[in-house]
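Asks: Provided below are the primary sequence and the corresponding predicted coordinates.
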There are 2 protein chains.
Amino acid sequence: MKDYIIKDPWQIIENQFRPEYNEISESIFSIGNGRMGQRANFEEDYSGKTMPGSYVAGVYYPDKTRVGWWKNGYPEYFAKVINATNWIGLHITVNGTILDLANVTVTRFERRLDMKAGVLHREVALTMPDGTQLAINAQRLYSVAESQSAALSYRIRVERGTANIILESGLDGDISNRDSNYDEKFWEEVSRSANEEHISLQLRTKKTGFDVHSRVTQQLLSGGQAIPVRQVVDREKYVAQHYEWVMKSGEEATLLKYVVILTSENHPRPALPDHAEELLHHIAAIGFEKLFIQQEEGWSKIWKDSDIQIEGDVAAQQAIRFNIFQLYQTYTGEDDRLNIGPKGFTGEKYGGVTYWDTEAYCLPFYMATTKPEIARNLLIYRHKHLQKAIENAEKLGFTDGAALYPMVTINGEECHNEWEITFEEIHRNGAIAFAIYNYVRYTGDERYLQEYGLEVLLAISRFWSQRVNWSEAKQKYVMLGVTGPNEYENNVNNNWYTNRIAAWCLHYTSEVIDQLASSEPEALQQILQNASFDAVEKDKWLHIADNMYYPEDLERGVYLQQDGFLDKELIAASDLPASERPLNQKWSWDRILRSCFIKQADVLQGLYFLEDQYDLDTIRRNYDFYEPMTVHESSLSPCVHAIMAAKLRKDDKAYEFYLRTSRLDLDDYNNDTEDGLHITSMAGTWMTIVEGFAGMRVRDGKVHFQPILPSQWASYSFRVTFRGADLQIKVNKVGVHIMNAGEKAVQIVLADKVYSLPAADILEVSHPTLAHM
Amino acid sequence: MKDYIIKDPWQIIENQFRPEYNEISESIFSIGNGRMGQRANFEEDYSGKTMPGSYVAGVYYPDKTRVGWWKNGYPEYFAKVINATNWIGLHITVNGTILDLANVTVTRFERRLDMKAGVLHREVALTMPDGTQLAINAQRLYSVAESQSAALSYRIRVERGTANIILESGLDGDISNRDSNYDEKFWEEVSRSANEEHISLQLRTKKTGFDVHSRVTQQLLSGGQAIPVRQVVDREKYVAQHYEWVMKSGEEATLLKYVVILTSENHPRPALPDHAEELLHHIAAIGFEKLFIQQEEGWSKIWKDSDIQIEGDVAAQQAIRFNIFQLYQTYTGEDDRLNIGPKGFTGEKYGGVTYWDTEAYCLPFYMATTKPEIARNLLIYRHKHLQKAIENAEKLGFTDGAALYPMVTINGEECHNEWEITFEEIHRNGAIAFAIYNYVRYTGDERYLQEYGLEVLLAISRFWSQRVNWSEAKQKYVMLGVTGPNEYENNVNNNWYTNRIAAWCLHYTSEVIDQLASSEPEALQQILQNASFDAVEKDKWLHIADNMYYPEDLERGVYLQQDGFLDKELIAASDLPASERPLNQKWSWDRILRSCFIKQADVLQGLYFLEDQYDLDTIRRNYDFYEPMTVHESSLSPCVHAIMAAKLRKDDKAYEFYLRTSRLDLDDYNNDTEDGLHITSMAGTWMTIVEGFAGMRVRDGKVHFQPILPSQWASYSFRVTFRGADLQIKVNKVGVHIMNAGEKAVQIVLADKVYSLPAADILEVSHPTLAHM
């Protein structure tokens, strides 16, 4: 855990040059606009620790699978969103010496991410080896208004001495991925052009053939005068303009660089240069100042719907905004072909884009903070991949249209290649089914079921029905050889969570069939016929669901994570020496596997999803049993624990988990922020407040709240949309204040009591009234 | 399964050109002499299916580990005995067309491995596209008398037409491994020289720096005249001599090529060229004909000690000789730095050299058929690696000198990199301990224990004592997260075999301590002190051994392979459709894992090792339970089943398993002979006859036999050495005939009755007398 980020409600600030943390900061200070983004690499050359990264959504390379020992059914490739053209890099020499922060004396340094405005700032004062003193001020943004464009302003001021400066600024396409299985380069050049007006570079990904056209226009101004381009540089995969000038002490010059980045996914290939030229004109005409204003306006719209305010705890406030900011930098929902990559545009790790994270952790955030179509699109994304999921299951020996959704994908095909996950971490199918249920529960959009949902549910249920087997010994259905959400157990039998979500899915699919049988019999008939489904199959499913085996410890009154769990030495994670954490960086895999330590909520994940089916004591017993053994080395763990702790009125634990999830990257809890941010878990942070502290649930078509206020906070407030209502909720020491800012009346269940709240009206309830749980 | 090899008692014959099987035949017809060897690649160019392979023992490359996802504790590299300089390759053109069997009409083809003489023959008649007809006759050998040398005779005869022939014959070091993790080349050139007298090439392995110097002298003779070298070819990693001549119908020419291959492991590096020159002179002076005679003499010495004769079943006779032949081609025991690679010199798969195969399957063969030092050296090999095994265990979190021997190694370091095997298939430690027991039991060499054995046993026992944990739930010691010998189960709890061999090892180590305490108290004191071992630790070990948990099915009266085995669907392998076999080529890994199907003996392996501790009914019940579910997709499986079936008097099953193990490669049972031969399992074939049909055991210092005769055979006979006795055993329809060809009297237990057999005397007992078991 680290603690070097300065606390501020709207800004992320690093106020000292810490080369050892540079890759961590490059992740934290990442910027993006849903269509593209980048790590906070320095503009100028840097020979210290750095991982360059600029990414364009949807542009991926199928990197040939690398495994030790091939297993049947492994995918041929891992699709990776790859490092793309570097448009920010500047090569600067000052009096013949390269400007490189690793080789100068840095006297002042500030990196600052302004989340309100959506701009990354950096200020540096430095002394060159020859004594020349300079001040640098850089600002850059990815426009939210014009999502194919970005801009950089880079000012150099001579503070002491005279500086003969050479500056080369261009587009560098000679980039590679750190994460490349066979050290391949993923791009080839299509075309380039460079003159004094503009420079452009069009690259194409090998194999997948995505074209990315980048085009830059820039101006170097000093004392109100433009410094002319001295030279145009033009070589394989690289184009740049080259400036050379002299400044005396007190003089300064500013480079204004505008870039547009267009892809063949969004433009006909032959039209790319023209469209780029047109857009670049438009952006340059707007100019830097106005782009800034637009950017702040754009972000203020996002903040209006999605901000959470916390009073009295600046670390908590900063953290929740950081989480929301990074989520909207990663995924805006505008393009239904995209999904939410676990590292967004902040790193290479995990490649791919879509994990079960989207359904299990991100969906609630997008359902509540933006238009309902966006959540719907996230579901339809999986419907589009249904055929591929069926093929994926066929590879593993399943038949008759059973579907196994991939563990990781970008186009519906499986990318993951560790048997214990690829073939065994099948609970992902459950989360995809549960998301359909969750969406319909939240939105009331039952048409979704007949349009898309049931088809997916049928194929997933069919998978479960083939994946279980009847155990003569147990006289129950068992599910052998799975990996549950807790990936610190592999190839276990009867993972409680997986068995439970499978049985739930079989029941839910049957319910949906029954519902549609009365509401939409013809549509249902058609769907069932297409799936060759008959009543016998439904009976079989119900027989499985009703006779599923669940490992339990009757003495302790807890569900067992899997068969044999009680053979382990049960030790509290708090008894582990700090030097052995995180386990995944210190212990060998077999040691982790045979220990009791839990990477992320597993039984508890099931109790979280299916909370309404369990009484509070059951939830408490399980929480009390598992939480002490949980090491939270998955970013997706603390949020579930926070929600559960809040429900169980373990307020301090809830607060501790809130900090852990919300500041996971800011404070680098798991010693891996340098790889990139944990984007999908950031939606879990949002849930921590809304479902955790505020206790929001949807039951029987009504929204429920059961708010508590962490003692460390004066208040918190947030906004959710729910079936046309627009609710602004504030919880403070006095009680709860809810305003219906929408145009429709809404019924709200507050601590189990139903209130009617007309449009534009306010509901205020004091804590004593709430405290009857 | 295939059936194209012609049956013959002393020869392996393929009498038709089958390009689709060429890689299989290249494996089967491999030749070698323990120091080096090669696949039966064609001499001339071949554009069809082929895997070139020439290997030099002990010369390996540490190929950088390739994994999908790195786990702590994985080794940095996989050491591979690599494809070395190709000395047999000839480039031949006939009237301007390359001679390539893939592009000519083959009218006659015979490949023949003469196991009595140790020579590979090939005869081909062919028609070139221009109508020219040729006959080729090639013979080659790796000398057993001069183990650093080999020779080739290659005759071309024109049968029709006139042939302008260009022949280039040299040394090709520009070779690569098919199995290279990152498509690297593993060799660099040190030096080369070529003139009309000789050619030489010295290569060095990258990273490991082994020098291999190859030197050739050759003669091309036609009509009693030497055809002169036309040209010397000399380029990076390649040297050759080039001939060009014309032959008319009826004329023939023969190339006689002598090669010596010396390594820096056996010669000071600077002396390599001189030593090679000297040896090459010597070999060429012997000449081809005499080399042939020497070769047959050399092999006849080996056959004298190790041959097994089977009358009445040529397929069985051919097969057992093939197994013995390949074993002695792979490992002669002359060099104690070497060990027995699972593919010998017949392929690249499995890299490395030493698996638990050596201890579990090969040791008995070498104990009984050759000098006792050789078996002792195989054990000392592990003693030399003890420190590395301790370091290996430390990487995984074990302490205080606990040792985990590697799954695969060449120099004591672990090479394997799949967590479920590398970290979990720890039963290998048990086989290494058992081999010590087995060796002492057979030879009576108790000094071995104090000299080497106990140190190894202490370190292994310490590993077991740390690897188990106390289960509160079971009130027993359990062993979680292991992979047993049946690798079709991964990461299971309480694998019966592993728990059993661990407990056995703890007991045996205690017994050895107790024995030495009375026989060699001072030596013992020293060993225990070096290991910081005290009586408390021994008590702890005995507590573990006495309180080990063993999964059992009391109803069926069988041990369970692991916890949860009875939750599986129990299906007989015979019910699987042929199209789904072998499972490892047809099913996804998860499907294999959750099925009941067993790759190789697991519970039965334990009952085989510790047979004396179990009654026959227990062995029978377990055999009857597991055998039907066993798919024998490990080469090491049928032999154990054959031995057990013979013991249980399931004679037909024993015979079936004998054929399966002995003809595994000849008939390509597992559809993988093309990767190379299953060398280590060939020692298992030997055990099938000696321990299986003949029922040889050693108990209380005496050798026991309990012979049965498969009804398909008229007789079988073999020879074993036992504590100075040299026993020639023949079993036929009448009974057993044992001759003591040694110089010492020996006591023999035949069907539980003790007989004294003086030197040079014969014991004959008829079957009825035996049949009282």
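Replies: That came through, no problem.
Asks: gap between residue A:557 and residue A:640?
Replies: 20 Å (CB to CB, to the nearest Å). Every residue, glycine included, has its C-beta placed from N, CA and C.
Asks: apologies, that question was intended for residue A:701.
Replies: From residue A:701 to residue A:640 the distance is 25 Å (CB to CB).
Asks: can you map out the helices along the stretch 151-300 of chain A?
Replies: A:272-306 (DSSP state H, counting those that start in this stretch).
Asks: quick one on the thing from earlier: ok, residue A:701 and residue A:640, which is more surrounded?
Replies: residue A:640 (29 against 11; other CB atoms under 10 Å in any protein chain shown).
Asks: assign a three-state SS to the more buried one, would you?
Replies: Classification of residue A:640 using DSSP: H, G, I helix; E, B strand; the rest coil returns helix.
Asks: so what's the closest residue to it other than its chain neighbours up against?
Replies: Closest residue in space to residue A:640, ignoring its immediate chain neighbours: residue A:601 at 4.1 Å, by CB to CB, 6 or more residues apart in numbering or on different chains. Applying CB atoms under 8 Å, 6 or more residues apart in numbering or on different chains to residue A:601 gives the contacts A:485, A:486, A:608, A:626, A:630, A:636, A:637, A:640, A:641.
Asks: hang on, residue A:453 packs against residue A:379?
Replies: Yes. Judged on CB atoms under 8 Å, residue A:453 makes contact with residue A:379 at a distance of 7.3 Å.
Asks: burial of the residue of the stretch 301-450 of chain A found nearest chain B, as a residue count?
Replies: Nearest to chain B in the stretch 301-450 of chain A, going by CB to the nearest CB, is residue A:423, at a distance of 3.7 Å. Residues within reach of residue A:423, counting by other CB under 10 Å, total 30.
Asks: which sections of chain A are below the confidence cut-off?
Replies: Counting by pLDDT under 70, the ranges of chain A that qualify are A:770-773.
Asks: that one - how does it break down into domains?
Replies: Taking automatic domain parsing as the reference, chain A has its domains at A:11-305, A:310-686.
Asks: re earlier: contacting residues around the residue of the stretch 301-450 of chain A closest to chain B?
Replies: Residue A:423 is in contact with A:71, A:73, A:396, B:588, B:589, B:590, counting by CB under 8 Å, 6+ apart.
Asks: mind listing the helices in the stretch 301-450 of chain A by residue range?
Replies: A:314-330, A:357, A:363-369, A:372-384, A:386-395, A:419-422, A:428-443, A:447-448.
Asks: and the longest one with helix A:272-306, angle?
Replies: The reference is to helix A:314-330. Angle, helix A:314-330 to helix A:272-306, by axes from the mean of the first three to the mean of the last three CA atoms, to 10 degrees: 150 degrees.
Asks: spell out which residues of the stretch 101-250 of chain A are next to chain B.
Replies: Those residues of the stretch 101-250 of chain A that sit near chain B, judged by CB under 8 Å from any CB of the partner chain, are A:182, A:183.
Asks: give me the residue from the stretch 101-250 of chain A nearest chain B.
Replies: As assessed by CB to the nearest CB, chain B sits closest to residue A:182 within the stretch 101-250 of chain A, at 6.5 Å.
Asks: residues touching that residue, list them.
Replies: Residue A:182 is in contact with A:63, A:64, A:66, B:182, B:183, counting by CB under 8 Å, 6+ apart.
Asks: among those, name the ones in strands.
Replies: A:63, A:64 (DSSP state E).
Asks: which one of the contacts of residue A:182 is nearest residue B:333?
Replies: For these, the residue nearest residue B:333 by CB to CB is residue B:182; the value is 35.1 Å.
Asks: ok, back up a step: who has more neighbours out of residue A:453 and residue A:379?
Replies: For the pair residue A:453 and residue A:379, the greater number of neighbours falls to residue A:453 (27 against 23), based on other CB under 10 Å.
Asks: next, count neighbours for the nearest residue to the more buried one once chain neighbours are set aside.
Replies: Of all residues not flanking residue A:453 in the chain, residue A:436 sits nearest, at 4.5 Å (CB to CB, 6+ apart). Residues lying near residue A:436 (other CB under 10 Å) number 26.
Asks: ok, residue A:540 next?
Replies: Residue A:540: 12 surrounding residues under other CB under 10 Å.
Asks: so which helix or strand takes in the residue nearest to it when sequence neighbours are not counted?
Replies: Counting by CB to CB, 6+ apart, the nearest residue to residue A:540 once its immediate chain neighbours are dropped is residue A:465, at 6.2 Å. Using DSSP states H and E, residue A:465 sits in helix A:454-467.
Asks: then the helix or strand where residue A:529 lies to CSV, C-alphas only?
Replies: Using DSSP H and E, residue A:529 maps to helix A:521-530. Extracted C-alpha coordinates of helix A:521-530, given in CSV (Å, rounded to 0.1, in the frame of the first residue of the first chain):
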residue,chain,number,x,y,z
PRO,A,521,-47.7,-17.3,-25.8
GLU,A,522,-47.0,-16.9,-29.5
ALA,A,523,-43.6,-15.3,-29.1
LEU,A,524,-42.7,-17.9,-26.6
GLN,A,525,-43.8,-20.7,-28.9
GLN,A,526,-41.5,-19.3,-31.6
ILE,A,527,-38.5,-19.0,-29.3
LEU,A,528,-38.9,-22.5,-27.8
GLN,A,529,-39.4,-24.0,-31.2
ASN,A,530,-36.2,-22.3,-32.5
